[in-house]
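> Would you be able to build a 3D model of this:
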Amino acid sequence: MLIIPKLLEDFLNLFVFLLPFIGVVVWFVMLFFSIAGLLIITNRYSYPSTSSSKNSHKTENSDLVTEPISLQHHQKTYGTTGNSSNLTSNLPGVSVLRPLKGVDSNLFDNLASSFNLDYPKFELIFSVASASDPAVAIVERLQEMYPKVDAKLIIGEKIVGANPKINNLIRGFEIAKYDIIWTLDSNVRTEPGCLSRSVEALSEPQVGLVHHLPAIHRADSFASNLEWCYINSTHSKMYITLNWLVIDSCIVGKSMVFRKHDLMRAAARASNAFGWPKKHSVSYCGDFSDPNKALGYYGQFMAEDNFIGMSLMRIGLKHKMTSDLAVQIVGSSMTIKEYAIRRMRWTRTRMFASPVATAHEPVTEMVLNGLLACWGFYKLFNVSPWVFLPIHVGIWLGTDVIIGKTLDPDAKGFPLSAWLAREFLALPLYIWSFFGLTVDWRGTIYHLRRDGTVITKTTGKKKAEISN
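Predicted structure coming up:
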């Protein structure tokens, strides 16, 4: 009877003994990630400020003062050799798929950026679930403004799983006339040369997916600045460094370029070899003999972007990033509650998509990382906390300021109060994420399964209705 308490006591003693070493090692690991992320981002994404009072404008469809449609930043590429000036008519065609729901901040200019692509052969396919969606009027207006652009609007979703984004995209994916697909979220804008650089990167040997670093611009409220600080600092340096190290797939699907045929092979192998999901039948999710049906397989996952990236990597294809940003202009539309729910949703979804990586997230944040390292440096090297903590905070803040200003050079100053609030909110929001198995996405509640799949809360344990 005394064996278990004794073993527990020995384990706790061992943990206390190792904790200082763990704290110091983790601190140096995060120092490496911060410096590596800083160097890559400043090299790859540095470009001059473009906004001024005379070129900022207000669109008819937005209450936000926005940048011009063309970001007109650098034309350098990272890991590629050409740019938009080298375009020729024999380049492969690309189908650009943009799912819509409601009116996001800056939606008109976001969608207009796709009509202004500097590429010779592409089609635009906009998809929306309901004809009453206000985004329909914006797309129709843009179609009138750009009559020479091959642009289609598809109204009505096709249910292939619980993931609403896949259900919205699937009809457009099936009728897309080109093998190369670019899925681009409605709240994202890109510059005209982005597509040419992405196709060039995709044409490199063994590259199966090209994606772009998310960035926040025009944060005009405290809550929006919380999001700005997360995306433009903590998230970006981890995202960039993980993709540079190629430890595993690390994808945010705001902007992804891939081939239909590659996705078909990846989905087939994922289903047969890896058993995603392991406990539930996936016979309804996609047709692995038809590239036009391959996307349907991923409708069962909430983190479809992560599973697409993983499955492409499992068939031997690499991921590539260009020097382009997937820019989201948030303005003053976000509230603190929305920010908290968004962070919780991301974390809770990652818990099932990438559980090992998610388990390490708290020690990658400034507060917990600093406290553990402070204890370690004091116990092992007798470094006073009054010496270590200012150095730690200074390094963390300094790298975040440089990275944030690099990704958004037009930002007015640095939102220090929002940065501090975000850092101290990170751990409570992370802990909150573990108390529940549901997420709220655009008004619908979804239940997350431990195998990575998802069902709508209203369907209980039954599968969603499938349309063939």
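> Check whether G208 sits in a helix, strand or coil.
strand (DSSP: H, G, I helix; E, B strand; the rest coil).
> One more: V257?
Quick answer, by three-state DSSP: V257 is strand.
> Which residue, other than its chain neighbours, is closest to I166?
Spatially, and ignoring its direct neighbours in sequence, I166 is nearest to G299 (3.9 Å; CB to CB, 6 or more residues apart in numbering). To be clear about C-beta, it is placed using only N, CA and C from the backbone, and glycine gets the same treatment.
> Just the pLDDT for the one you found.
Here the pLDDT value assigned to G299 is 91.
> what ranges of the stretch 101-250 of the chain fall below the confidence cut-off?
Of all residues in the stretch 101-250 of the chain, none has pLDDT under 70.
> Break down it into its strands, ranges please.
122-128, 151-155, 180-184, 207-219 (DSSP state E, counting those that start in this stretch).
> export the third one as PDB, just CAs?
Backbone C-alpha positions of strand 180-184 (Å, rounded to 0.1, in the frame of the first residue of the first chain) are rendered in PDB as follows:
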ATOM      1  CA  ILE A 180      -3.600  24.200 -59.500                       C
ATOM      2  CA  ILE A 181      -5.900  25.500 -56.800                       C
ATOM      3  CA  TRP A 182      -5.400  28.600 -54.600                       C
ATOM      4  CA  THR A 183      -7.800  28.700 -51.600                       C
ATOM      5  CA  LEU A 184      -7.900  32.100 -50.200                       C
END
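> which strands and helices sit next to that strand?
Where contact means 3 or more CB pairs under 8 Å, 6 or more residues apart in numbering; DSSP states H and E, strand 180-184 is packed against strand 94-100, helix 194-202, strand 255-259, helix 260-269.
> Export the strands of the stretch 101-250 of the chain to CSV and append columns for distance to R450 and mean neighbour count.
Converted to CSV, those look like this (distance: least, CB to CB, whole Å; neighbours: other CB atoms under 10 Å):
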stretch, distance to R450, mean neighbour count
strand 122-128, 30, 23
strand 151-155, 34, 18
strand 180-184, 27, 25
strand 207-219, 26, 24
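> Present the ones you listed as CSV; the columns should include distance to G23.
Listed next are these as CSV, based on distance: least, CB to CB, whole Å:
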stretch, distance to G23
strand 122-128, 49
strand 151-155, 53
strand 180-184, 41
strand 207-219, 30
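> can you give me the helices in the chain?
Along the chain, the segments classed as helices by DSSP state H run 3-45, 107-115, 135-145, 164-175, 194-202, 222-229, 236-245, 260-269, 304-314, 336-353, 355-359, 366-381, 385-407, 416-433.
> Select, out of those helices, the one closest to H212.
Nearest of the helices of the chain to H212, taken as CB to CB: helix 194-202 at 7.1 Å.
> what's the spacing between the closest one and its chain's center?
Relative to its chain's centre, helix 194-202 lies at 18 Å (CA atoms, centre = their mean, to the nearest Å).
> tell me which strands and helices that helix is in contact with?
When contacts are defined as 3+ CB pairs under 8 Å, 6+ apart, helix 194-202 sits against strand 94-100, strand 180-184, strand 207-219, strand 255-259, strand 318-331.
> quick one on the thing from earlier: worst mean pLDDT among the helices of the chain?
Averaging pLDDT over each of the helices of the chain puts helix 355-359 lowest, since it has a mean of 85.
> how about it: buried residues?
A357, T358 (16 or more other CB atoms under 10 Å).
> Same check on stretch 97-112?
97-101, 103-112.
> next one: stretch 144-151
A151.
> Give me the residues contacting it.
Contact with stretch 144-151 is made by A112, F115, F122, E123, L124, I125, F126, V139, L142, Q143, as judged by CB atoms under 8 Å, 6 or more residues apart in numbering.
> I'd like the distance from it to the chain centre, please.
With CA atoms, centre = their mean, you get 29 Å for stretch 144-151.
> mind checking how far the most centrally placed residue in the chain is from S384?
When CA atoms, centre = their mean is applied to the chain, the residue found nearest the centroid is V252 (2.5 Å). Taking CB to CB, to the nearest Å as the measure, V252 falls 40 Å from S384.
> ditto for G370
14 Å.
> Look up how far A353 lies from the residue nearest to the centre of the chain.
V252 is 12 Å from A353, by CB to CB.
> Next: Y339.
21 Å.
> just N272 next, same as before
Distance of N272 to A353, given as CB to CB: 20 Å.
> starting at the chain centroid, how far to stretch 236-251?
Here stretch 236-251 shows a centroid-to-chain-centroid distance of 12 Å under the convention CA atoms, centre = their mean.
> tell me which residues of that stretch are tucked away?
Buried, per 16+ other CB under 10 Å, within stretch 236-251: S236, K237, M238, Y239, I240, T241, L242, N243, S249, C250, I251.
> what's the answer for stretch 311-321, then?
Buried residues in stretch 311-321, counted by 16+ other CB under 10 Å: S311, L312, M313, I315, L317, H319, K320, M321.
> try stretch 162-174
With burial defined by 16+ other CB under 10 Å, the residues of stretch 162-174 counted as buried are 162-174.
> one step back: rebuild the buried residues of stretch 236-251 as CSV, extending it with distance to L202.
Converted to CSV, those look like this (distance: CB to CB, whole Å):
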residue, distance to L202
S236, 22
K237, 25
M238, 24
Y239, 19
I240, 19
T241, 22
L242, 20
N243, 15
S249, 16
C250, 18
I251, 14
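> Run a quick neighbour tally on N187.
Residues near N187, counting by other CB atoms under 10 Å, number 19.
> Identify the residues contacting it.
D104, S105, N106, L107, N110, K254, Q328.
> Next, give phi and psi for the third one.
In terms of degrees, to the nearest 10, the main-chain angles of N106 are phi 70, psi 30.
> what are the phi and psi values for F434?
Residue torsions, per degrees, to the nearest 10, at F434 are phi -80, psi -10.
> cool, and N163?
Per-residue torsions, N163: phi -70, psi 110 (degrees, to the nearest 10).
> Just to check, it is in contact with M302?
Yes. The criterion here is CB atoms under 8 Å, and N163 meets it with M302 at 6.2 Å.
> Which residues are in contact with each of the two?
Common neighbours of N163 and M302 (CB under 8 Å, 6+ apart) are V454.
> and Y284, what pLDDT?
For Y284, pLDDT reads 43.
> Please apply the same query to I466.
I466 is assigned 28 on the pLDDT scale.
> Residue numbering should commence at 14 henceforth.
In the new numbering, first residue 14, that becomes I479.
> hang on, the earlier thing: which one of G383 and S397 has more residues nearby?
Taking neighbours as other CB under 10 Å, G383 and S397 compare with G383 leading, 22 against 10.
> Other residues contacting stretch 450-457?
Residues from elsewhere that reach stretch 450-457 (CB under 8 Å, 6+ apart): 114-115, 177, 315, 354, 357-358, 361-362, 458-461, 469-470.
> What about these, which one has the most neighbours?
Neighbour counts for the contacts of stretch 450-457 peak at M315, which has 29 neighbours (criterion: other CB under 10 Å).
> That one contacts G174, correct?
No. At 9.7 Å, M315 does not count as touching G174 under the criterion of CB under 8 Å.
> any common contacting residues for the two?
What both M315 and G174 touch, as defined by CB under 8 Å, 6+ apart, is the set V467.
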